[in-house]
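Chemist: Here is the input, now give the coordinates:
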Amino acid sequence: MLVGSRAPILIVDDVEETRYLLRRVLQMKGYATAEAGTGAEALRYLRDGGPACLIILDMNLPDTTGRAVHAELKRDPTLAHIPVIVFTGMNPDAPMADIVAYVRKGVEVDRLLHVVDVAFASVPLG
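Modeler: Prediction:
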């Protein structure tokens with residue numbers, strides 16, 4: 001499943017090892033990836049025109065929360081269309097609207113890959 005003309009999957013997680021693991025697993029499946037270690041870095045990347053067809057978002061970031069990043073994405077009409085998968089070790093205190101899925105870190109990597117495959121298949125080319 002090569003990406004072709006599709007934008008990369010943006011991995012937003014403050015733990016370098018987690019980003020590395022996700023990058024390697026996704027790239028082995030043929031996906032292109034981009035990374036951000038903080039919420040501000042992710043938003044800056046996207047607002048500066050960095051492409052993303054899907055975002056894998058941690059909830060506990062050093063500068064903000066995944067919930068706040070998601071809210072910023074939804075407020076920006078140029079970014080609101082990007083699907084978001086929450087990948088976290090935390091139990092969500094309240095579900096967020098417009099999330100593709102919540103996936104638990106460490107125990108649901110196979111589920112994450114399945115959710116990515118399904119979400120990616122629904123993203124239009126271009």
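
Chemist: CA only for contacts and neighbour counts going forward, please
Modeler: OK.

Chemist: Contacts for stretch 17-36 next, please.
Modeler: Contact with stretch 17-36 is made by 1-3, 7-14, 42, 45, 52, 113, as judged by Cα atoms under 8 Å, 6 or more residues apart in numbering.

Chemist: Could you list the low-pLDDT ranges of this protein?
Modeler: Flagging of the chain using pLDDT under 70 yields the residue ranges 1-5, 92-94, 107, 123-126.

Chemist: would you list every one of the helices in it?
Modeler: Assigned by DSSP state H, the chain shows helices spanning 16-28, 39-47, 66-75, 109-121.

Chemist: Out of the ones you listed, flag the one nearest Phe87.
Modeler: Closest approach to Phe87 among the helices of the chain (Cα to Cα): helix 109-121, 7.9 Å.

Chemist: so can I have a markdown table of the helices of the chain showing mean neighbour count and distance to Ala101?
Modeler: Putting the helices of the chain into a markdown table (neighbours: other Cα atoms under 10 Å; distance: least, Cα to Cα, whole Å) gives the following:
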| stretch | mean neighbour count | distance to Ala101 |
| --- | --- | --- |
| helix 16-28 | 15 | 16 |
| helix 39-47 | 17 | 19 |
| helix 66-75 | 17 | 13 |
| helix 109-121 | 16 | 7 |
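
Chemist: circling back: list buried residues within the contacts of stretch 17-36.
Modeler: Among the contacts of stretch 17-36, those buried by neighbour count (16 or more other Cα atoms under 10 Å) are 3, 7-14, 42, 45, 52, 113.

Chemist: Name the residues that touch stretch 79-93?
Modeler: Residues contacting stretch 79-93 (Cα under 8 Å, 6+ apart): 46, 52-60, 66, 70, 73-74, 98-106, 112, 116, 119.

Chemist: export it as CSV, just CAs?
Modeler: Taking C-alpha atoms only, stretch 79-93 is exported to CSV below (Å, rounded to 0.1, in the frame of the first residue of the first chain):
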residue,chain,number,x,y,z
LEU,A,79,-6.9,21.8,8.8
ALA,A,80,-10.3,20.7,10.1
HIS,A,81,-10.7,18.0,7.4
ILE,A,82,-7.6,16.0,8.5
PRO,A,83,-8.7,12.8,10.3
VAL,A,84,-7.3,12.3,13.8
ILE,A,85,-6.5,9.0,15.6
VAL,A,86,-5.8,9.5,19.4
PHE,A,87,-2.9,7.2,20.4
THR,A,88,-2.5,7.4,24.2
GLY,A,89,-1.7,5.7,27.4
MET,A,90,-4.4,7.7,29.1
ASN,A,91,-8.1,6.9,29.4
PRO,A,92,-10.0,9.7,27.7
ASP,A,93,-12.0,11.6,30.4
